[in-house]
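A.B. asks: dropping a prediction and its sequence here:
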Amino acid sequence: MNSKQPRKQRKMHFNAPLHKKRKMLASHLAENLLLKYDRRNTTVVKGDTVKVMRGSFRGHEDKVASVNLKKQIVEVEGITTVKADGTKVAKPIHPSNLLITKLNLTDKWRRNKLEKGLSEVTKKEIEKEAEEQIKEQERIESEEKAIAEKEEEEIKEEAEEETEKKKEPIKKEPITDEKKTSAKPTKKPKISEEIKKEKQKPKSQDVKKISKTEKNVKKSAEKNTPKKEDKK
């Protein structure tokens, strides 16, 4: 960037493409690494061990968990903040506030870039360190795979047990002679003849209704019959 105007510099910084933002996401190297690689800074990569130099977590040293190119932010393991609802979230840190204490050399392209202009002795040391890191990474990955496989097997076993329980028919216990004797049929209580007669008798209200209906029938019959003319 050739312009001295801050507005143009900011515009270039925030609107830069990702391949340029990648180079901006860099932090200083520790003294031992500075002397070994003969450079002052390098880009931060996931897996680098980093020391926080500023802020409330100053002095904290751990691995880089993730790198966000668009936001120009780095997340370090063990550095979290608490949200209003109580959940813990990784706190983002700018790479300028970090110091690289150990480099992640598992990437071949990164090693070739760091080895430019170095002696053969240092190159051999870098290759040995890279081999050790690759072995550690493979061991960690194998352990994670084994744990994941165990969890999957447990889930499958639980699902199979549930399906078997559903398929199994409910077994009915056979009725033995003792149960037959114990389970006697309940007899209905006998209704006396007097109670039956009382039930069959019509109630007083029913008798009144019947008498009223008979009267109404007689009245209607009288009205319908034609009256005989009086003989003179």
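C.D. replies: Okay, I see it. Quantities reported herein were computed from a predicted structural model and do not represent experimental measurements. Numbers count the residues shown, from 1 in each chain.

A.B. asks: now for the longest helix that the chain contains, which elements pack on it?
C.D. replies: The longest helix of the chain (DSSP state H) is helix 120-167. Applying 3 or more CB pairs under 8 Å, 6 or more residues apart in numbering; DSSP states H and E, one finds that helix 120-167 makes contact with helix 31-37, helix 108-114. The C-beta positions use only the backbone N, C-alpha and C, and glycine is treated the same way.

A.B. asks: which of those helices sits closest to residue 18?
C.D. replies: Relative to residue 18, the nearest member of the helices and strands packed on helix 120-167 by CB to CB is helix 108-114, separated by 16.4 Å.

A.B. asks: report the mean per-residue pLDDT for the closest one.
C.D. replies: Helix 108-114 shows a mean pLDDT of 91 in the predicted model.

A.B. asks: for it, packing partners?
C.D. replies: helix 120-167.

A.B. asks: just how off-centre is the helix it packs on within its chain?
C.D. replies: 22 Å (CA atoms, centre = their mean, to the nearest Å).

A.B. asks: any idea of the mean pLDDT in it?
C.D. replies: Here helix 120-167 scores 89 as its mean pLDDT.

A.B. asks: next: stretch 52-65.
C.D. replies: 94.

A.B. asks: repeat for stretch 74-85
C.D. replies: On average, stretch 74-85 scores 94.

A.B. asks: kindly export that stretch (C-alpha atoms) in CSV.
C.D. replies: Provided in CSV are the C-alpha atoms of stretch 74-85 (Å, rounded to 0.1, in the frame of the first residue of the first chain):
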residue,chain,number,x,y,z
VAL,A,74,-7.6,-16.2,16.8
GLU,A,75,-9.1,-18.5,19.4
VAL,A,76,-6.8,-20.0,22.0
GLU,A,77,-7.7,-23.1,24.1
GLY,A,78,-8.6,-22.3,27.7
ILE,A,79,-9.5,-18.7,27.1
THR,A,80,-13.3,-18.3,27.4
THR,A,81,-15.9,-15.7,28.3
VAL,A,82,-19.3,-16.1,30.0
LYS,A,83,-22.4,-14.8,28.1
ALA,A,84,-25.4,-13.2,29.7
ASP,A,85,-27.3,-16.6,29.7
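
A.B. asks: what comes up buried for it?
C.D. replies: Across stretch 74-85, burial judged by 16 or more other CB atoms under 10 Å covers 74-76, 79.

A.B. asks: and for stretch 36-56?
C.D. replies: Those would be 36-37, 42-45, 47-53, for stretch 36-56 by 16+ other CB under 10 Å.

A.B. asks: for stretch 17-29, same thing?
C.D. replies: Going by neighbour count (16+ other CB under 10 Å), the buried part of stretch 17-29 is 21, 25-29.

A.B. asks: tell me the one among those nearest to residue 113.
C.D. replies: When these are ranked by distance to residue 113 (CB to CB), residue 26 comes first, at 12.7 Å.

A.B. asks: looking at that closest one now. What's its pLDDT?
C.D. replies: The model's pLDDT for residue 26 equals 94.

A.B. asks: now render the buried residues of stretch 74-85 as CSV, adding distance to residue 105.
C.D. replies: Converted to CSV, the buried residues of stretch 74-85 look like this (distance: CB to CB, whole Å):
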residue, distance to residue 105
74, 19
75, 21
76, 19
79, 24
